[in-house]
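Novice: One predicted model, sequence on top.
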Amino acid sequence: MGKDVIVACDFSSAEATFAFLDKFTGRKPFVKIGMELYYAEGPEIVRQIKARGHKIFLDLKLHDIPNTVKKAMAVLSRLDVDICNLHAAGTTAMMQAALEGLTRPDGTRPLLIAVTQLTSTDQQAMEKDLLIHEPIDQVVMHYAKTAADAGLDGVVCSPLESQKVHDVCGKGFLTVTPGIRFADGDKGDQKRVMTPADAKAIGSDYIVVGRPITAAEDPVAAYERCIREFVD
């Protein structure tokens, strides 16, 4: 898979999701299914969206003891999604167990990526709430290197950290970057953000875009703007 825009379908129902996707006549955007939609509709929503021809990033951010995550990933591997994720903070043992569980008997599996630090987290919050006092860039690079050593395919990180992750882990190690906002848009609750064009310039492999597309007056036009700025 090459560079692409992943649309965050953060809706609370299948009805709202399909009403949104139906706007894209002639296009099949790569979509992210997160906790809100998955918990509302269950695995059937994944099957239905996949049947429509969309690539899927299943964004459930697993984080538990290694055995539990391994078994959960084995279940998720049956859904034929393209990308799954977990929290790098769950330790190397958890990530390795997840990879083992996600790998099907024939050796195939979705891409597996690790969340480093959420883009809603800044240095102050990390120190106050998580008692992590190292610089946030250093923490993200450590998590990325740990994920690479565990055999994962990439990380979720801020676009501000994408180039540094590639420097540490290599160009083939994927960076999937949320926190994308248009230059003339609202940051919302995101702290570490970047425009699609800047994310492209700094080397992000995929950008995840939610409200700038889903809440736009013309979602298709907003999506096409992202494609122009990031892919074309």
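Specialist: Nice, thanks for sending it over. These figures come from a predicted structure and were not determined experimentally. Residues are numbered from 1 along each chain as shown.
Novice: Just the C-alpha atoms of the longest strand seen in the chain, please, in PDB.
Specialist: Longest strand in the chain, counting residues (DSSP state E): strand 56-62. Output of strand 56-62 as PDB, limited to C-alpha atoms (Å, rounded to 0.1, in the frame of the first residue of the first chain):
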ATOM      1  CA  ILE A  56     -10.100  -0.600   6.500                       C
ATOM      2  CA  PHE A  57      -7.900   0.500   9.400                       C
ATOM      3  CA  LEU A  58      -9.500  -1.100  12.500                       C
ATOM      4  CA  ASP A  59      -8.500   1.400  15.200                       C
ATOM      5  CA  LEU A  60      -9.300  -0.400  18.500                       C
ATOM      6  CA  LYS A  61      -6.000   0.300  20.300                       C
ATOM      7  CA  LEU A  62      -5.700  -3.000  22.200                       C
END
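Novice: Run through the neighbouring helices and strands of that strand.
Specialist: Counting contacts by 3 or more Cβ pairs under 8 Å, 6 or more residues apart in numbering; DSSP states H and E, strand 56-62 packs against strand 30-33, helix 35-41, helix 43-51, helix 66-76, strand 83-87. C-betas here are computed from N, CA, C, even on glycine.
Novice: if you set the cut-off to 7 Å instead, what comes out?
Specialist: Contacts defined by 3 or more Cβ pairs under 7 Å, 6 or more residues apart in numbering; DSSP states H and E place strand 56-62 against strand 30-33, helix 43-51, helix 66-76, strand 83-87.
Novice: ok now it, how far from the chain's centre?
Specialist: Strand 56-62 has its average C-alpha position 7 Å from the chain's average C-alpha position, going by Cα atoms, centre = their mean, to the nearest Å.
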